[in-house]
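Trainee: Next comes the sequence, and after it the predicted model I'd like to discuss.
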Amino acid sequence: MLQDCLNYIQGNGSDIALRIADHMKISLIALFAAILIGVAGGYAASVSRRGEKWIMNLFQILRVIPSLAILVLLIPVMGVGMKPAVTALSILAIPPILTNTCVGFMEVPPFMLESAKGIGMTEWELLLHVRFPLALPLILAGIRSALVEVIASATLAAKIGAGGLGEIIFTGLGLNRTDLLLIGSILVGMLSLGSLGIFSLIRRILMPYKYRRAV
Amino acid sequence: MNNRRMIAIEYEQVSKQFSKNAKPSVDRVSAQIEEGEFITILGSSGCGKTTLLKMTNRLLDPSGGRIILFGQDISTVDPVTVRRRMGYVIQQIGLLPHMTVEENITILPKLMKQDRETVRSRARQLLSMVQLDPDTYAARYPSELSGGQQQRVGLARALMPDPKIMLLDEPFGAIDAITRISLQNELLRIHRETKKTFLLVTHDINEAMKLGMRVMIMDKGRLLQFDTPHNIIRHPADPFVEALIRSAYEQQSFWEGVQDD
């Protein structure tokens, strides 16, 4: 079995590399789109009470629909390939980011705003230097869980011809070849772990204060 | 030339009513505060003392009356401008957790594009003034400081724009008794050194009497008495003031009783 795996990897190195690149490409594009929409939507939701319920509910409903169903539903609209795959994955990734952003902004302590306002910050400066940085830990936590979900679910993109590591897994399923299943799944797992590692590095750079020891 | 000092803050029949049917939180308060005075505002919670303070830097706007700072009616000045001319310190301090001590102190002058080197050297000077060694503390994050040290930074931040008026809302309310005493003494020293006008809100009669050159005593939104601690103790103007002073005496006699044992 192990020998089978090694043989396959040796014989198809460039192919596997391509799959990994596609997988990451689909995942990252979907994630960035989700970050844009999720953070903007989450902020908007935190600002207006009515909007909050509305936006949150919309994305909670979308979240209930399985990604595979969304993929299939998108085929008549967008055809096959990268576009519908990225769209479906974004829809999957938006809710955790949106929810966390909204909560992050709403939970900025009032006294932080009062003291910053009291020393003379304008509304814009408050947003930039108080609200956003204080919401950032939760926003990043939302992005982190979206990242994991997207990389795992990007496997399904192969179903509609968008490529990625799903190709290897589905081929393995079709041919009943355990070595392909193993290689595909392990690679997806490694991608998840690797991106989590890079993500925590980014977090460390963005929020160095979280990594100092408190007195 | 006028021999009297300039009036720094003038409250003219100032009222604040948060909603139409509610009782006014501040009820027609009139008072004049001279430049360089250390004034304390004393009262129990809900008496309107914090509301009065917040109206002074336009965090709130009065529903009646006028507030005049150095001859200028503040309702005619942009709120942000009013606040940038004043120091503001609150009990919860509100240091931004993602900024170092130095960044916290210098955030506003930097936003106002003041010269970086000047700002930096002033920040270090202010840290020394509040008894924090700049070399040790400037690069630390607030989470790496004790509560007392954080409030020292809060003071330094408020002093940064060299304001003529300092507003302090229960600045030592959440700080342990021993640290509080030393911070009070340092506040008095800073007041002597800078000759700024200080306005400090507290519910602690000992703090009010110790720090205030004159004390404003408030209850239910009204200013009951505004006088020197000496005159207030000798001639309380109101049963509430009398009760307040009696409570302080009672506490003192408790301590004296313990000493006698």
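Mentor: Received the coordinates, thanks.

Trainee: CA atoms for contacts and neighbours, from now on please.
Mentor: Fine.

Trainee: which regions of the chain lie under the pLDDT threshold?
Mentor: No chain in the question, so chain A it is. Counting by pLDDT under 70, chain A shows low-confidence ranges at A:213-215.

Trainee: my question was about chain B
Mentor: Residues of chain B that meet the criterion pLDDT under 70 lie in B:1-4, B:261.

Trainee: which parts of it sit against chain A?
Mentor: By the rule CA under 8 Å from any CA of the partner chain, the part of chain B lying against chain A is B:57, B:59, B:80-84, B:86-90, B:92-99, B:108, B:141, B:143-146, B:158.

Trainee: of these, buried ones?
Mentor: By neighbour count, with 16 or more other CA atoms under 10 Å in any protein chain shown, these hold B:57, B:59, B:80-84, B:86-90, B:92-99, B:108, B:141, B:143-145, B:158 as buried.

Trainee: Now do the strands in chain B.
Mentor: For chain B, strands defined by DSSP state E occupy the ranges B:7-16, B:26-34, B:38-42, B:64-69, B:72-73, B:86-90, B:165-169, B:197-202, B:214-219, B:222-227.

Trainee: ok, back up a step: in helices, which of the residues of chain B next to chain A fall?
Mentor: B:80-84, B:108, B:158 (DSSP state H).

Trainee: How about the residues of chain A by chain B?
Mentor: Contact residues (CA under 8 Å from any CA) of chain A with chain B: A:111-113, A:115-122, A:130, A:133-134, A:207-209, A:212-215.

Trainee: Residue of the stretch 151-261 of chain B closest to chain A, please.
Mentor: Among all residues of the stretch 151-261 of chain B, residue B:158 sits closest to chain A, at 6.9 Å; criterion: CA to the nearest CA.

Trainee: which ones are touching the residue nearest to that residue when sequence neighbours are not counted?
Mentor: Using CA to CA, 6 or more residues apart in numbering or on different chains and skipping the chain neighbours, the partner closest in space to residue B:158 is residue B:87 (4.2 Å). Residue B:87 makes contacts with A:118-119, B:157-161, B:163, B:165-168, as judged by CA atoms under 8 Å, 6 or more residues apart in numbering or on different chains.

Trainee: before we move on, what about residue B:16?
Mentor: So residue B:16 contacts B:24-27, B:51, B:61-64 (CA under 8 Å, 6+ apart).

Trainee: Most neighbours among those residues, please name it.
Mentor: In terms of neighbours by other CA atoms under 10 Å in any protein chain shown, those top out with residue B:26 at 28 neighbours.

Trainee: measure the closest residue to that residue other than its chain neighbours to residue B:52 for me?
Mentor: Sequence neighbours aside, residue B:221 is the residue nearest to residue B:26 in space, at 3.9 Å (criterion: CA to CA, 6+ apart). Relative to residue B:52, residue B:221 is positioned 9 Å away (CA to CA, to the nearest Å).

Trainee: residues shared between the contacts of those two?
Mentor: By CA under 8 Å, 6+ apart, residue B:221 and residue B:52 have these common neighbours: residue B:26.

Trainee: Neighbour count for those two, which is higher?
Mentor: Between residue B:221 and residue B:52, counted using other CA under 10 Å, residue B:52 has the larger neighbour count: 26 against 23.

Trainee: Check whether that one really touches residue B:28, as I assumed.
Mentor: No - assessed by CA atoms under 8 Å, residue B:52 is found out of contact with residue B:28, at 10.7 Å.

Trainee: Good, we can wrap up now.
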